[in-house]
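Novice: no FASTA, just this:
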C-alpha cells in the first residue's frame, strides 16, 4: 500500500531559518528549521516498509508541506491510507483542518490519527470530527501494520477506535510493547528538512549548526507529577531498549555525520547500569557527536555524570519546577530543594557545559513570594539556562482530574481544551499578577547573573551569538519581558462561559426593564 504519514507541527515551537548565520542556505527544496524532528512518524515509516508498504513522510513545519501542498500531493499520488500524528490539544485544530482538506480531494481514503492527545480522547475525536475515520490508541509499531492488513475488518485490530456508520466502536486495548529492540531504526533521511538544535521552549535560541537529530532510548515514567500525562499513557511503567540496540543506532548516526543528538527519553537517568553500558560504549566506539538528555534530580544515576561527560554529554535538563518545597509538594514532584542543588552542582562540577532548569509558575496555592523565591533559587543555583512557564492543565493529567472533581472543568464539554491555572483556579494568582512577577523575577535573575557570574554569563551569550543574528539575540533577551502571542490560545471552561452568559443575560434583562 501507499501510505502518507503526516506530522502536524505546533507553529509555536518551530521556526524556519531562511539563512543561518555562518552557514550557506540549504540546498534547493530543503529547509533549515529550528525544531525537534517528528520522531513518531520517523519511527513508524521503516516499520511499515518492513511490511511491504510504500511510505512518504511530511512535516507541516516545512513551508512547502502545508495543508494546500499536502492536498495537492494527495490528489496527485492517491495514497491508500493517510496517517496524521499530533502531540497535544494545541495542534488538534490543525489536525482537524488537515483531515478536512485531505478528505475534500480524497473522500474515500481512510484517515487514521495517533499521538498522546488522540490516545486520551479517541472516542471524542471521532464524535467531533467526521473527516477522521479511526484513532490508533497507544503505540503504533504493531497497531498500524495490523490496521493496514485489516482495512476491511477494523474490528480485528486491537487498540483501534473506529466509526461503524453512526456507531463509534472501541476495540479491545492493545498492551504496551514489551520488546523495543525488535524494530528498525527511525528514518531520518526522507524529510527534506535540516533540523536545527535550539533551546527547549525558546526556538530563536540556536544552540548549534551541527547535523542534529533526536533519539528515544526508553519510554514512560513511573512518577506521578500532577501536570504530566506520561504516566497515564505508559501505565506508570518505564521500558527501555537494550544498551546494544541503542549503541547500534548511535553508531549509525555517527557514521551518517550527525554531530548533535538529543535523547528525548522522559527520564534517561533512571537506570545506572544501562547508562554505564551506553556511555562506555560511546567512549569505546569513539563516537564524535555531542549529546544532551533530561532527567530527575533525585535519580540515583546522578553519580554517573562524570562518565556521561566523558562520553560527550554537554547539556543536561532538569525538571526543577519550583524554588520552594511547598510548591514541589503541591505538584507531587517527590524531590527536595537539596536534591536540586546537589544535582545541578554535581553536573557543573563534572564539566557539563550547559545545565538547564525547567520551572513552572502560576500554580494552585502559590503566592507572590513563592514565585519570586523560585527566581531567587534559580539565581543561587549553578543553572546556566532556565525557563519559567505558566502551569497548564491538560486532559490525562492528575491536575485535570483535580479540576474536574472541584467542578472547575466539565470533562464532557472541555475535553479538547487546555487551561492556564491562573485563568481558572481561584487559589492561583491572576494571570496579570503572574506576568508582573515573572518580569520582576527575570530582572532579578539577570541582574544576579551579571553581578555574580559575569564571565560565565557573557560566555553563554557569546555561544548563542555564534549562530544567531543580532536581532534574534535581542528578541531572546527581551522575550521574558514581553507577552507571547500563541497561535492557539487557551479557552475558558464551559462552566465559566455559562456563568458569564447568565450574568450578561441578567444585565440585559435588568436594563430592558429600566424606565
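Specialist: Perfect, I can see it now. All of these numbers come straight from a predicted model, not from anything done at the bench.
Novice: contacting residues for the closest residue to residue 211 other than its chain neighbours?
Specialist: Once flanking residues are discounted, residue 211 sits nearest to residue 258: 4.8 Å by C-beta to C-beta, 6 or more residues apart in numbering. Backbone N, C-alpha and C define where each C-beta goes, glycine included. With contact set as C-beta atoms under 8 Å, 6 or more residues apart in numbering, residue 258 has these partners: 210-213, 289.
Novice: Could you rerun that using 6 Å?
Specialist: 211, 213, 289 (C-beta atoms under 6 Å, 6 or more residues apart in numbering).
Novice: That one - that's part of a helix, no?
Specialist: No: assessed with DSSP: H, G, I helix; E, B strand; the rest coil, residue 258 is coil; it does not lie in a helix.
Novice: What distance do you get for it to residue 223?
Specialist: Residue 258 sits 30 Å away from residue 223, taking C-beta to C-beta, to the nearest Å as the criterion.
Novice: Return the member of the contacts of residue 258 nearest to residue 275.
Specialist: Residue 275 lies nearest to residue 289 out of these, by C-beta to C-beta, at 16.9 Å.
Novice: Could you list the low-confidence segments of the protein?
Specialist: 18-28, 200-204, 484-488, 506, 508-515 (pLDDT under 70).
Novice: Which strands and helices lie in contact with the top helix by length along it?
Specialist: Determined from DSSP state H, the single longest helix within the chain is helix 431-452. When contacts are defined as 3 or more C-beta pairs under 6 Å, 6 or more residues apart in numbering; DSSP states H and E, helix 431-452 sits against helix 368-380, helix 421-424.
Novice: quick one: which of the ones you listed is nearest residue 475?
Specialist: helix 368-380 (21.0 Å).
Novice: Which residues does that closest one contact?
Specialist: With C-beta under 6 Å, 6+ apart as the contact definition, helix 368-380 has outside contacts at 322-324, 327, 359, 361, 386, 437, 441, 444-445, 448.
Novice: relative to helix 431-452, how tilted is it?
Specialist: Going by axes from the mean of the first three to the mean of the last three C-alpha atoms, to 10 degrees, helix 368-380 is angled at 30 degrees with respect to helix 431-452.
Novice: roughly how far is helix 368-380 from the heart of the chain?
Specialist: 25 Å (C-alpha atoms, centre = their mean, to the nearest Å).
Novice: and what of stretch 226-235?
Specialist: 13 Å.
Novice: tally of neighbours for residue 344?
Specialist: Residues lying near residue 344 (other C-beta atoms under 10 Å) number 24.
Novice: Which pair of the contacts of helix 368-380 spans the longest distance?
Specialist: Distances among the contacts of helix 368-380 were taken as C-beta to C-beta; the most separated pair is 327 and 448, at 20.4 Å.
Novice: Compare those two (neighbour count), which wins?
Specialist: residue 327 (24 against 16).
Novice: The stretch 301-450 of the chain: strands as residue ranges?
Specialist: 313-321, 354-361, 385-390, 392-393, 419-420 (DSSP state E, counting those that start in this stretch).
Novice: Which elements pack onto the second one?
Specialist: Going back to what we said before, that points to strand 354-361. Using 3+ C-beta pairs under 6 Å, 6+ apart: strand 354-361 touches strand 313-321, strand 385-390.
Novice: now the angle between strand 313-321 and the shortest one, please.
Specialist: Here strand 385-390 points in a direction 30 degrees away from that of strand 313-321 (the same axes, to 10 degrees).
Novice: contacts for strand 385-390?
Specialist: Contacts for strand 385-390 (C-beta under 6 Å, 6+ apart): 201, 356-362, 378, 420, 438.
Novice: again with the first one
Specialist: Contacts to strand 313-321, defined as C-beta under 6 Å, 6+ apart, come from residues 290-292, 294, 297, 331, 333, 340, 347, 352-360.
Novice: how does it look with 8 Å?
Specialist: Taking C-beta under 8 Å, 6+ apart as the rule, strand 313-321 contacts 200, 207, 225, 279, 290-297, 305, 308, 327-328, 331, 333, 340, 343-344, 347, 352-360, 377-378, 383, 386.
Novice: What pairs with that strand, parallel or antiparallel?
Specialist: Strand 313-321 pairs in its sheet with strand 290-295 (parallel), strand 354-361 (parallel), by DSSP bridges.
Novice: The ones you listed: which one's closest to residue 80?
Specialist: Among the strands paired with strand 313-321, strand 290-295 comes nearest to residue 80, with 37.8 Å by C-beta to C-beta.
Novice: still on that earlier bit, what separates the residue nearest to residue 211 from residue 36, distance-wise?
Specialist: Taking C-beta to C-beta, one finds residue 258 at 14 Å from residue 36.
Novice: Also residue 138?
Specialist: According to C-beta to C-beta, residue 138 stands 21 Å off from residue 36.
Novice: So which of these two has more stuff around it?
Specialist: Taking neighbours as other C-beta under 10 Å, residue 138 and residue 36 compare with residue 138 leading, 22 against 19.
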